[in-house]
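Trainee: This is a predicted model, with the sequence first.
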Amino acid sequence: MTATAFTLDGDYLLAPPLPADRLGAAIGPRDRRRLELHAALTAAGIPPRPEDREAIESLSALSGSINSTIQRWLHHTL
């Protein structure tokens, strides 16, 4: 079964996927750390730039405890 589209003012909006249709794949720890670092930087008022990608990838490869520390530092600046 798939989600159905409905229209609102001429736009087509999709309903959220049904739980049975969702993929069961989880993201890996490195990808999760990368996404969390992007979110932490943005929340701290430092939106990542395209040229920051290499640094973010390198930081995401470090351990979870190091990434937690970096995120704590970023949240402390708020």
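Mentor: In hand now; what should we look at?
Trainee: Residue 12 belongs to a strand?
Mentor: Yes. Checked against DSSP: H, G, I helix; E, B strand; the rest coil, residue 12 lies within a strand.
Trainee: Could you number the chain from 3 rather than 1 from now on?
Mentor: That works, and once the first residue is 3, the last one we named lands at residue 14.
Trainee: partner residues bridging it?
Mentor: Applying DSSP bridges to residue 14 yields these beta-bridge partners: residue 9.
Trainee: Near it, how many other residues are there?
Mentor: By the criterion of other CB atoms under 10 Å, residue 14 has 8 neighbours. Any C-beta I mention is one placed from the backbone N, CA and C, and that applies to glycine too.
Trainee: Check the one 4 residues further on too.
Mentor: For residue 18, the tally of surrounding residues (other CB under 10 Å) stands at 8.
Trainee: got it, and residue 28?
Mentor: 8.
Trainee: how much space between it and residue 38?
Mentor: Residue 28 sits 14 Å away from residue 38, going by CB to CB, to the nearest Å.
Trainee: in the longest helix along the chain, what's buried?
Mentor: Identified as the longest helix of the chain according to DSSP state H is helix 31-45. Buried residues in helix 31-45, counting neighbours by 16 or more other CB atoms under 10 Å, are found at 35, 36, 38, 39, 42, 43.
Trainee: who touches the last one in this structure?
Mentor: Each residue near residue 43 by CB atoms under 8 Å, 6 or more residues apart in numbering is listed here: 49, 50, 76.
Trainee: taking those one by one, which sit in helices?
Mentor: residue 76.
Trainee: Produce a ChimeraX select command limited to the buried residues of the contacts of residue 43.
Mentor: Buried residues among the contacts of residue 43 (16+ other CB under 10 Å), as a ChimeraX selection:
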select :76
